[in-house]
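In: test case, fold it:
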Amino acid sequence: MQKLENTQYFEVVDSEVEAGAVLESVYQSLQEKGYNPVNQIVGYIMSGDPTYITSHKGARSLIMKVERDELVEELLEAYIAGRGWN
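Out: Coordinates of the predicted model:
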């Protein structure tokens, strides 16, 4: 039996999830299930409702590991790079 007078320690290890890799994986999962990935990801980013993302291949759990503002930042950076803007 555990002693109740002792404090247990719990340490969370940050799992530096890369937003670009998450977006790629989620995009592929949505596509495989027949959804329009752009519409679904935009719905998730705008609302925060994870049900916009399929649970296929763990996509819903994966996208929830990244803050929505990080997803927007990743998308904007990719857009700007694609346009050749500096």
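
In: for N6, see how far away the most centrally placed residue in the chain is.
Out: Of all residues in the chain, the one closest to the mean position by Cα atoms, centre = their mean is I63, 2.1 Å from it. I63 sits at a distance of 38 Å from N6 (criterion: Cβ to Cβ, to the nearest Å). Every C-beta, even on glycine, is put in place using the N, C-alpha and C of the backbone.

In: one more: Y79?
Out: With distances taken as Cβ to Cβ, Y79 is found 52 Å from N6.

In: so which of these two has more stuff around it?
Out: Applying other Cβ atoms under 10 Å to Y79 and N6 shows that Y79 carries more neighbours, namely 10 against 7.

In: isn't the residue nearest to the centre of the chain up against Q40?
Out: No - the criterion here is Cβ atoms under 8 Å, and I63 misses it with Q40 at 10.0 Å.

In: so what's the residue nearest to A19 when sequence neighbours are not counted up against?
Out: Take A19 and drop its neighbours on the chain: the residue closest to it by Cβ to Cβ, 6 or more residues apart in numbering is E74, 4.0 Å away. If you count contacts by Cβ atoms under 8 Å, 6 or more residues apart in numbering, E74 has them with A19, G20, L23.

In: tell me the one among those residues nearest to T54.
Out: Closest approach between the contacts of E74 and T54, by Cβ to Cβ: L23, at 14.0 Å.

In: host element of the closest one?
Out: In the assignment (DSSP states H and E), L23 maps to helix 19-32.

In: after that helix comes which helix or strand?
Out: Using DSSP H and E, the next helix or strand after helix 19-32 towards the C-terminus is helix 37-47.

In: and L4, what pLDDT?
Out: Reported pLDDT at L4 in the predicted model: 74.

In: nope, Y9 is what I was after
Out: 74.

In: what about it, neighbour count?
Out: Residues lying near Y9 (other Cβ under 10 Å) number 5.

In: how about it, secondary structure?
Out: Classification of Y9 by DSSP: H, G, I helix; E, B strand; the rest coil places it in coil.

In: and for V66?
Out: Classified using three-state DSSP, V66 is coil.

In: how close does it get to E24?
Out: Remark: distance between V66 and E24 (Cβ to Cβ) = 12 Å.
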